[in-house]
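K.L.:
This is a predicted model, with the sequence first.
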Number of protein chains: 2
Amino acid sequence: MIERLPKKIRQQQLTAAIEHNPFITDDELMRMFNVSIQTIRLDRMELSIPELRERMKLMAEQSYDQVRSLPLHEVIGDVIDLQLDKSGISLFEITEHHVFSRTKIARGHHIFAQANSLAVAVINEEVALTASADIRFVRSVVLGEKCVAKAYVRSISKGQTKAQVEVLSYVGDEIVFQGNFVIFRIHKQ
Amino acid sequence: MIERLPKKIRQQQLTAAIEHNPFITDDELMRMFNVSIQTIRLDRMELSIPELRERMKLMAEQSYDQVRSLPLHEVIGDVIDLQLDKSGISLFEITEHHVFSRTKIARGHHIFAQANSLAVAVINEEVALTASADIRFVRSVVLGEKCVAKAYVRSISKGQTKAQVEVLSYVGDEIVFQGNFVIFRIHKQ
DNA sequence: ACTACTACTAGTATCAGGTATTAAATTATG
DNA sequence: CATAATTTAATACCTGATACTAGTAGTAGT
């Protein structure tokens, strides 16, 4: 007799094995557990674990959807309103990605990133870079909160090479972040 | 006669169609271009576009690898050295993700994120949050450069509720970023 | 001891979405 | 017109399954 596990335990281990390596075939699982391929398939049925190809398809679709929703990389948050060289508003929702796992408080650099990218976006120039910033995290923002950043261009230097942008971020009507950015404006020749 | 395109143009459009929707089958493409399925397959061969299942598998594997390598979200950059309440060093390589597509210059908030997360990590407390910061982007960092951030704890307040951390980031021996962070230390009860 | 039930195995037909190969038909071009 | 490029057709085969039928082994109930 080949060593075999009771059904319940095998099914637990099967779930774990597929979770650990979603790219495993029924054939490999059959050898792993010393049972027939039909048993593996019955187990998957009972546990409602889809077949390999379905699993890969789901993963592919998920990552595809993520990529679609990731012009996040261009500007952090959704720009709601933008008046070049004047002001701008963006909205950014705090998700699991952005928080410390223990406290569910948003990491500062995400709040900063929203403000910084808005400050850059509001500048009407092909190339705009942050030169310096003076920032304050007024209160912590937690998972699920929607952060509204408002940017105001306070001044533009004589040579138009620098702009002062103030950004205030709110959750509801509470200020959570305040920053003064100096943005370089670089002319294209 | 059904309307058909010249080969070159069809192949361009085929590439675009698959790029636009990687989940399309040869069968659907065949109907889209009014050619036989063999023609579609020849085209894919010539363009070395893998079959649907391979495409899905690749996407799934990519997203799986990404998830594996994404404690990036916990601390931005690799912490090389860490002496709690004293100093820390982290290394961060600028990739396509981090740059403006046109100029290949790193977005400020990524440089900031490295410095900020290191400043938080260096604090020997369960919960540490950025209170404020005063930062300067000394020179721009470009695609491919490796950014070394060095954090020094300059002072800890009497009640140990606040710490001053200075972070200097370098590419080679050039300073690219300089920041003074005030970090809140919150005791667990 | 006979029955019923669970767990497992075996085998076959079928599917999607292809590859690989050979060959024929069509169209274009010098 | 001949030849080359392009397209289509046909067939065998592959992987990783589903769906279904049927059979076996062991165990518990009566």
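P.N.:
Here it is on my side, so go on. Quantities reported herein were computed from a predicted structural model and do not represent experimental measurements. Numbers count the residues shown, from 1 in each chain, chains lettered A, B, ... in the order given.
K.L.:
residues from chain A in reach of chain B?
P.N.:
By the rule C-beta under 8 Å from any C-beta of the partner chain, the part of chain A lying against chain B is A:22-23, A:53, A:55-57, A:59-64, A:66, A:73, A:76, A:97, A:100, A:102-103, A:105, A:107-109, A:112-113, A:116-117, A:120, A:126-127, A:129-137, A:140. Bear in mind the C-beta positions are built from the backbone N, C-alpha and C, glycine included.
K.L.:
all strands of chain A, in order?
P.N.:
Assigned by DSSP state E, the strands in chain A fall at A:78-83, A:87-93, A:127-137, A:146-156, A:162-171, A:174-186.
K.L.:
thinking again about what came up before, among the residues of chain A next to chain B, which lie within helices?
P.N.:
Judged by DSSP state H, those include A:53, A:55-57, A:59-64, A:66, A:108-109, A:112-113, A:116-117, A:120 as members of helices.
K.L.:
If any of those residues are buried, give me the PyMOL selection for them.
P.N.:
In PyMOL, this line selects whichever of those come out buried by 16 or more other C-beta atoms under 10 Å in any protein chain shown:
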select buried, chain A and resi 55+56+57+59+60+61+63+64+108+109+112+113+116+117+120
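K.L.:
Now do the residue nearest the centre of chain A, the pLDDT please.
P.N.:
Nearest residue to the geometric centre of chain A (C-alpha atoms, centre = their mean): residue A:97, 5.2 Å. pLDDT recorded at residue A:97 is 81.
K.L.:
and what of residue A:126?
P.N.:
What the model reports for residue A:126 is a pLDDT of 82.
K.L.:
Residue A:177 pairs with what?
P.N.:
Taking DSSP bridges as the rule, residue A:177 bridges to residue A:137, residue A:169.
K.L.:
can you check the one 5 residues further on too?
P.N.:
The bridge-partner assignment for residue A:182, based on DSSP bridges, gives residue A:132, residue A:164.
K.L.:
ok, it to residue B:26 distance?
P.N.:
55 Å (C-beta to C-beta, to the nearest Å).
K.L.:
neighbour count winner among those two?
P.N.:
It is residue A:182, of residue A:182 and residue B:26, that has more neighbours when counted by other C-beta atoms under 10 Å in any protein chain shown, with 19 against 16.
K.L.:
Do I have it right that that one meets residue A:135?
P.N.:
No. Using C-beta atoms under 8 Å, residue A:182 makes no contact with residue A:135, being 11.9 Å away.
K.L.:
Centre of the chain to stretch A:172-185, how far?
P.N.:
Relative to its chain's centre, stretch A:172-185 lies at 21 Å (C-alpha atoms, centre = their mean, to the nearest Å).
K.L.:
Same check on stretch A:126-140?
P.N.:
20 Å.
K.L.:
Check which helices and strands the worst-scoring helix or strand of chain A on mean pLDDT sits against.
P.N.:
Lowest on mean pLDDT, DSSP states H and E among the helices and strands of chain A sits helix A:52-68, with a mean of 83. Under the contact criterion of 3 or more C-beta pairs under 8 Å, 6 or more residues apart in numbering or on different chains; DSSP states H and E, helix A:52-68 touches helix B:52-68.
K.L.:
what about the helix it packs on, near DNA strand C?
P.N.:
Yes. Counting by C-beta under 7 Å from any atom of the strand, DNA strand C has neighbours in helix B:52-68: B:52, B:53.
K.L.:
what's in contact with that helix?
P.N.:
A:22-23, A:53, A:55-57, A:59-60, A:62-64, A:66, B:18, B:22-26, B:49-50 (C-beta atoms under 8 Å, 6 or more residues apart in numbering or on different chains).
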